[in-house]
Every structure is written in structure tokens, then in C-alpha cells.
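S.K.: Provide a 3D model corresponding to the input given below.
(one chain, ligands or ions: 1)
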Amino acid sequence: MNFQNNSVGILGIGSALPEKVLTNFDLEKMVDTSDEWITKRTGISERRILDENTPGSHLGTKAAKRALEDAGIAAEEIDLIIVATETPDYLTPSMSCIIQSNLGASKAAAFDLNSACTGFVYGLTVANQFIKTGFYKYILVIGCEALSKVTDWKDRNTCVLFADGAGAAVVGPVEEGYGILNTYIGADGNLGKNITAPCCFITDEDKAKRESENKRVLWMDGGEVFKFAVRIMEHATVKVLEDTKITLDDLKIIFPHQANIRIIDGAAKRLGVSQEKVFTNVHKYGNISSASIPVGLDEADKAGSLKKGDNIVLVGFGGGLTWGAAVIKWSK
Ligand code: COA
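M.R.: Okay, here's the model as predicted:
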């Protein structure tokens, strides 16, 4: 195949969230916490949670269908499906294969990518390379998470933060000069121990950290991740802008990973950007990991907040630990 094109961007975007809303007041009945503490320390008021019997891929499929419709592209035209997830329904088949089947995207290759909350930026980076080289033309990048399924609902340190959701983008050739201008991704596995969710292997140390019977729930050192997140969000944003040779003043809006309003505000302050320039929806959805950035993008796009030619930055950080940022000249 050869569709070589120098400009690659987002042709369509979609998202899907569970209907069930879990409020801070609901959590007050489950653990020793309060609406006041959660709101003040995280900015989260409510989040969306899947029913026990509904798989995460259900959301990814819905988001993908909406993105395809938005792009005006049929599932059969998709060359590759990349699902960024840290909560796949199965280790095998991958979430991407499940979604490929649900969509009837019969031509598409499919693989999952796990860089936790940075997953969408990693996925976009991979898609950009495949299309720029001419190897593929249309790629679905989906951030799809069901964190409720690895949450210890008795651990107040984590259960107030994480939730479920999916966001998807159809990535493909766009008008010259528009689309993804640059991406930057990084990782520091030495810091990985700060957020863990064991799977096929588990240490005694992992077991000791978890009070629940299920020793495979997510555990986090919130304070350490907090400090890392503020620092790395500033670093990744500055680095990707410098590499692209554009400035913060040239940006319409920054889409940060939505983990905690204090992390977002802290990073914005370090960058010296006003709050109006920073997209937030963490109050409604909590931390939905790799789905966070595409859900935000979809909301902003559908609200008409993004105009063709706007420069935006997507910036994420998370488990691994990983980080990444992308500069996009909006092409829709
Ligand atoms: N309700 C009430 N009290 C809580 C609580 C809750 N849900 N969670 C923790 N506390 C308590 C702690 O036990 C502690 O009590 P103590 O002083 O008696 O020991 C106190 O509140 C302060 O805890 P601390 O951990 O210092 O709070 P914090 O202000 O750092 O906020 C996080 C905790 C987890 C919200 C914050 O560290 C954070 O957001 N970290 C980053 C998490 C993240 O984004 N991870 C994902 C990255 S992708």
C-alpha cells in the first residue's frame, strides 16, 4: 500500500461513557470519605461506572462507531485498530480484536498498547508514523478503560479517583500543513512501582500493599505520582512546543490528562498559562486513563470550541511511569 502524505490528522472523533453515575455522596456510603474532601483535593464531583456485566470493549466499540460516523469513513476502510488500554477485557483476545469484530472492520490489523493514562498520545504517535510512511491510510486510535473493574472499592486512596470511559479518533491524511505537527513520548520504568495493577505475576510486596481479598487491584502512591505529574506535564508541553518551534501564545487550548484538578492547575501555573487555555472535565468523569484526552477532545469538538487551524496540545502522564504530548493544528 502507498498513500504517502506528509500531513496526518484527526478526521473524526467520538466518545462513550457508561450511563451509571457514581457521585461523591454515593462514595460517602462506601468508604470513610466526604464530598468536601474529594472535591477540594481532586476536583471530582462524579464519575461514570460500568455495570458489572458490561465489558469495557462495549464503550470502545461505541466510541469507535461515533468516530467513524464523524469522519464519514466505513469500518471496512480502516487499516489498523490501536486500542490504548490498561484494563483489557481479556489478555487475549486483545481489546482491539474484540472491537475489530464488533465493528466488522474486516481489513484492519489490530493490537493493544499499554502506556496507561498516556496511551492515547502513544497511539496517536504510532498511527502518525504508519500513515506518514504510506504503509496505512486510515487508523482507529481508541482509548478504552474499565478501571472500575480493577478498583478496590474499599480503598479511599484510589476508589474516589478512577472510572470508566472510551474515546476514539479516526486518523488519516489531512490537508497539507494541518494535523499532527509533532509528538513526544517518554517513559521511566524506575518509577513504575508508584502505580501498580498486577496481572499474570504478583510479588509478596504487591500482596502486602493490598487489603482487599483481590490482590490484583490497582494500588498507587498518590503523593509521589502527584509530584511527578505536575513536573512532567510542564516538561512534556514545553519540549513538544520547542521541538515544533511554536510558543504557548500560539496555542488555542491545552488538553491535559484529567487526573486531578490540582495537578492540572499546578502544571498550568508552572507553564504560566491561564485556566481558560486549559480544558477540564475531571469534575464529571474522574480519571478515565487513556480515554481522558479523546473524551475531552470530542466534547470540545462537539461544543464547537475547536476551529480549523487552531493549534492545540494534548498532554498525558501515567502508569509506567510514562508521559507524552502532541501538537495538532486542528484540521476538521
Ligand atoms: N477521603 C478522605 N480522606 C482521604 C482520602 C479520601 N478519599 N484519601 C486520602 N485521605 C486522607 C489520607 O489518609 C491522609 O490522611 P492522614 O493525614 O490522616 O494520613 C490525608 O487524606 C491526606 O492524604 P494525602 O495523600 O496527602 O492527600 P493528597 O492531598 O495528596 O491527595 C490524592 C491524595 C491521591 C488525591 C493525590 O495525591 C493525587 O491526586 N495524586 C495523583 C493521583 C493520580 O493522578 N494518579 C493517576 C495518575 S495517571
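S.K.: contact residues of the chain facing the ligand?
M.R.: Residues of the chain lying near the ligand by C-beta under 6 Å from any ligand atom: 33, 37-38, 41-42, 117, 156-157, 160, 220, 222-223, 225-226, 229, 259-260, 263, 287, 318. Using the backbone N, CA and C atoms, a C-beta is placed for each residue, glycine as well.
S.K.: out of those residues, list just those in helices.
M.R.: 37-38, 41-42, 156-157, 222-223, 225-226, 229, 263 (DSSP state H).
S.K.: buried among those residues? Need that as a selection in ChimeraX.
M.R.: A single ChimeraX command selects the buried members of those (16 or more other C-beta atoms under 10 Å):
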select :38,42,156,222,225,226,229,263
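S.K.: could you single out the nearest of the ones in helices among the residues of the chain next to the ligand to Gly189?
M.R.: Ranked by distance to Gly189 (C-beta to C-beta), these are led by Val225 at 14.7 Å.
S.K.: next up, the contacts around the nearest residue to the closest one once chain neighbours are set aside.
M.R.: The shortest distance from Val225 to any non-neighbouring residue, by C-beta to C-beta, 6 or more residues apart in numbering, is to Asn194 (5.3 Å). Counting by C-beta atoms under 8 Å, 6 or more residues apart in numbering, Asn194 touches 220-221, 224-225, 228, 321.
S.K.: state the pLDDT value of the residue lying farthest from the centre of the chain.
M.R.: No residue in the chain sits farther from the centre than Asp204, which is 30.4 Å out by C-alpha atoms, centre = their mean. With respect to pLDDT, Asp204 has a value of 96.
S.K.: any idea how far it lies from the ligand?
M.R.: As judged by C-beta to the nearest ligand atom, to the nearest Å, Asp204 and the ligand stand 24 Å apart.
S.K.: now do Asp79
M.R.: Computed as C-beta to the nearest ligand atom, the Asp79 to the ligand distance reads 30 Å.
S.K.: my guess is that residue contacts Ile139, does it?
M.R.: Yes: using C-beta atoms under 8 Å, Asp79 is in contact with Ile139, at 6.2 Å.
S.K.: neighbour-wise, which of the two wins?
M.R.: Neighbour count, other C-beta atoms under 10 Å: between Asp79 and Ile139, Ile139 has more, with 25 against 20.
S.K.: spatially nearest residue to that one (excluding sequence neighbours)?
M.R.: Nearest residue to Ile139, sequence neighbours excluded (C-beta to C-beta, 6+ apart): Ala127, at 4.1 Å.
S.K.: can you tell me the element that neighbour falls in?
M.R.: Secondary structure from DSSP states H and E places Ala127 in helix 119-132.
S.K.: list the buried residues in that helix.
M.R.: Of all the residues in helix 119-132, those buried under the rule 16+ other C-beta under 10 Å are 119-128, 130-132.
S.K.: for that helix, C-alpha coordinates in CSV please.
M.R.: C-alpha atoms of helix 119-132 as CSV (Å, rounded to 0.1, in the frame of the first residue of the first chain):
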residue,chain,number,x,y,z
GLY,A,119,-2.0,5.6,25.9
PHE,A,120,-3.9,7.9,23.6
VAL,A,121,-0.8,10.1,22.9
TYR,A,122,1.3,7.0,22.3
GLY,A,123,-1.4,5.6,20.0
LEU,A,124,-1.5,8.8,18.0
THR,A,125,2.3,8.7,17.7
VAL,A,126,2.3,5.2,16.3
ALA,A,127,-0.6,6.0,13.9
ASN,A,128,1.1,9.1,12.7
GLN,A,129,4.2,7.1,11.8
PHE,A,130,2.3,4.3,9.9
ILE,A,131,0.4,6.9,7.8
LYS,A,132,3.3,9.2,7.2
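S.K.: could you give the average pLDDT over that helix?
M.R.: 97.
S.K.: okay, now the sheet partners of the next helix or strand after that helix, with direction.
M.R.: Downstream of helix 119-132, the next assigned helix or strand under DSSP H and E is strand 139-146. Here strand 139-146 has these sheet partners by DSSP bridges: strand 80-84 (parallel), strand 164-173 (antiparallel).
S.K.: quick one, strand 139-146 and helix 119-132 angle?
M.R.: Interaxial angle of strand 139-146 relative to helix 119-132 (axes from the mean of the first three to the mean of the last three C-alpha atoms, to 10 degrees): 170 degrees.
S.K.: and Leu314, what are its bridge partners?
M.R.: Under the criterion used here (DSSP bridges), Leu314 is bridged to Phe255, Ala326.
S.K.: nothing else from me, thank you.
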